[in-house]
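# build the 3D model from these lines:
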Amino acid sequence: MPALKSIYFIVNPFSGGGKTKGIEEKIQTHLDHHQFKYQVQFTEGLGHATELAKAAVRSDHSIVIAVGGDGTVNEVAAGLINSDKTMGIIPAGSGNGLAMHLGIGRDITKAIGVLNNGLAITIDTCVLNERPYINLAGIGFDALIAYQTAHSKTRGFLAYAWQSIRSALVYKAKKYQLKIDDKVFEKEAIIIEVANAPMFGYNFTVAPLAKLDDGLLEIVVIQKAWKWRYILMLPRFLNGTVHKSNLVERYTAKNVVIKLKEPAPVHVDGEGYLLESDLHFSINPLSLKVMASADWMHEA
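Numbering: from 1, shown residues only. Down below sits the predicted model:
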C-alpha cells in the first residue's frame with residue numbers, strides 16, 4: 001500500500017465573515033483518507049499564513065492549502081514560491097478570483113474534491129516592489145476600491161459594489177508614465193492592471209488573455225473616457241471581451257515600471273494599500289505548483 005501524502009491546511013478563521021467555520025468537519029468528511037493524511041493550522045493575524053507556509057517547506061507535507069480569500073492565497077503562495085511544495089486552495093473569501101480561474105469554484109466541498117481528483121500544474125508568479133503575487137496587481141480605480149474596502153468595517157460583494165458606485169461618481173483618470181520592457185509610454189488611464197491571471201472575484205475578468213504559465217506579464221490599460229462609456233463596458237468584464245473594447249490597450253512584457261507623481265492606492269491580489277514609490281513589476285516564470293481542477297488544462 002503506497003504511503004499517504006501529507007496535506008497541511010492553513011486556515012484564516014477571519015475570511016469571508018466566518019466561511020471557514022466548521023472547516024475541520026468538512027475536511028474530515030470529504031477528503032479522501034485513502035490518499036491523504038492531514039493537519040489543520042489556524043492563522044492568528046496578518047502575515048502568519050506566510051510564516052506557516054515557509055515552515056511547511058521544511059516539513060514532510062507535500063501539499064499546502066490556503067483556506068481563505070485572495071489575501072490568504074497570496075500569503076500562502078509567498079511562502080511556497082520556488083519550493084517543491086504544491087499549493088491548493090479552499091475558497092472561503094469574497095472574490096476567490098484565482099480559485100475560479102483554476103476551476104475550483106467557490107464551494108468548499110467541491111474544492112476539497114479538487115484535492116482528491118485534481119492535477120498539479122506549475123505556474124508563473126509575479127513581483128511588485130519585492131512583494132509577490134500570483135493573480136492581479138494594479139493601480140487606478142480598482143486599486144482605490146480595494147484600498148477603501150480594506151479600511152471598511154464591512155467586506156464582501158455588497159460592500160465592494162457600494163464603494164465602486166460611490167467612488168465612480170467622482171473618480172477621474174490619472175496620468176502615468178509606463179516603461180514596458182524597454183519602451184516608455186505616457187498614458188491617461190482609469191485602470192492599469194498588470195496581470196498573471198484573468199479575473200478578479202465575482203467572474204469579473206479584466207485581463208482575458210492573461211496566461212498563468214507563459215512567462216509574461218499581461219498589461220491592461222483602460223483609457224480616459226466619458227463615464228457613460230465605462231458603464232457600457234461592464235458586460236465585457238463579465239463575458240471576457242474587455243480586451244476588444246477600443247478603450248483598452250494591452251501589452252505583454254517581462255518587466256513593467258509605473259512612475260508615481262504622488263502617493264497612490266495600489267492593489268496586490270485584491271488587497272489595497274498606499275504606495276509612495278514607483279511600481280516595479282517583474283515575472284518569475286514557472287515558480288509555483290498549484291492544484292487545479294482535472295479539466296483546467298482543457299478549459300485553459
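
# list the buried residues for stretch 200-210?
For stretch 200-210, burial by neighbour count (16 or more other CB atoms under 10 Å) applies to 200-202, 204-208, 210. In this view, the C-beta of every residue, glycine as well, is placed from N, C-alpha and C.

# so how far is that stretch from its chain's centroid?
Its chain's C-alpha centre and that of stretch 200-210 lie 10 Å apart, by CA atoms, centre = their mean, to the nearest Å.

# then that stretch to CSV, C-alphas only?
Output of stretch 200-210 as CSV, limited to C-alpha atoms (Å, rounded to 0.1, in the frame of the first residue of the first chain):
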residue,chain,number,x,y,z
PHE,A,200,-10.9,39.3,-10.0
GLY,A,201,-13.6,37.6,-8.0
TYR,A,202,-17.2,37.5,-8.9
ASN,A,203,-16.3,36.4,-12.5
PHE,A,204,-15.1,40.0,-13.2
THR,A,205,-12.5,39.4,-16.0
VAL,A,206,-10.1,42.3,-16.6
ALA,A,207,-7.3,40.5,-18.5
PRO,A,208,-8.9,37.8,-20.6
LEU,A,209,-5.8,36.9,-22.5
ALA,A,210,-3.5,36.5,-19.4
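
# what about L260, how many residues nearby?
For L260, the neighbour count with other CB atoms under 10 Å is 16.

# would you agree it is in contact with L279?
Yes: taking CB atoms under 8 Å as the definition, L260 is a contact partner of L279 at 7.0 Å.

# domain parsing for the protein?
The record's domain split for the chain, according to automatic domain parsing, is 5-117, 131-285.

# out of these, flag the one nearest D295.
domain 5-117 (6.3 Å; CB to CB).

# wait, I180 sits on I219?
Yes: under the contact definition of CB under 8 Å, I180 touches I219, with a separation of 6.2 Å.

# spit out the residues that contact these two alike.
Between them, I180 and I219 share these contacting residues under CB atoms under 8 Å, 6 or more residues apart in numbering: 251, 253, 256.

# which one of the residues you listed sits in the busiest neighbourhood?
These, ranked by neighbours (other CB under 10 Å): first place V256, 22 neighbours.

# element containing that residue, please.
Taking DSSP states H and E as the definition, one finds V256 inside strand 255-259.

# so what strands line up beside whatever helix or strand comes next after that strand?
Following strand 255-259 in sequence order, the next helix or strand is strand 264-268 (DSSP H and E). Paired neighbours of strand 264-268 in the sheet (DSSP bridges): strand 136-140 (antiparallel), strand 271-275 (antiparallel).

# that older thread, which two among the buried residues of stretch 200-210 are spaced furthest apart?
Y202 and A210 (17.0 Å).

# and the strands in the stretch 151-300 of the chain?
174-180, 183-195, 217-223, 248-253, 255-259, 264-268, 271-275, 279-292 (DSSP state E, counting those that start in this stretch).
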